[in-house]
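K.L.:
here is my input, please return the structure:
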Amino acid sequence: MSVMENCIFCKIINQEIPSYKVYEDDKVYAFLDLSQVTKGHTLLVPKQHVADIFDYDESLASEVFARVPKVAKALEKAFPEMEGLNILNNNKELAYQSVFHSHVHLIPRYSKKDDFSIHFGDHSEKQSKEEMQAIAEAIKEQVK
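P.N.:
Predicted coordinates for the structure are as follows:
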């Protein structure tokens, strides 16, 4: 397991900083986000220090993301009044990543008035079919 000396999440994983742990195994550590955007807001982090999704290899990704449903189901059982769940993984500063140790947010949703929102703008008319095909081809060429 690689650990980064000044990483707050590495310190939490190593019990150097207290946390409200909800799950731990040999690959991941899950704990309550102190902001509690909604009740039960949980962070799932790999024990191996990786900055973001771009640092994952296939093995780490399968180990970390395979545990997301386990924590999601625990949230659903713990809070039967939960009406939905957002799962977010922010990568790099522009995408709202503020701690540079990869983490997955599990944010329980209780109502439309729970002070959490995501906006997806509709820009579907900005690209022609040819431009969409060119975008798809550019990505497809890079998939390894």
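K.L.:
E137 and H123, how far apart?
P.N.:
Between E137 and H123 the computed distance is 19 Å (Cβ to Cβ, to the nearest Å). Glycine gets a C-beta too; all of them are placed from N, C-alpha and C.
K.L.:
E58: neighbouring residues, count only.
P.N.:
Neighbourhood size, E58 [other Cβ atoms under 10 Å]: 8.
K.L.:
need phi/psi at the residue nearest the centre of the chain.
P.N.:
The C-alpha lying nearest the average C-alpha coordinate of the chain belongs to V104 (Cα atoms, centre = their mean; 1.8 Å). For V104, the backbone dihedrals (degrees, to the nearest 10) come out as phi -110, psi 130.
K.L.:
so it touches N90, yeah?
P.N.:
No. Using Cβ atoms under 8 Å, V104 makes no contact with N90, being 9.4 Å away.
K.L.:
E137 and H123: who's more crowded?
P.N.:
Applying other Cβ under 10 Å to E137 and H123 shows that E137 carries more neighbours, namely 10 against 7.
K.L.:
for stretch 92-106, buried residues please.
P.N.:
Neighbour-count burial for stretch 92-106, counted by 16 or more other Cβ atoms under 10 Å, picks out Q97, F100, H101, S102, H103, V104, H105, L106.
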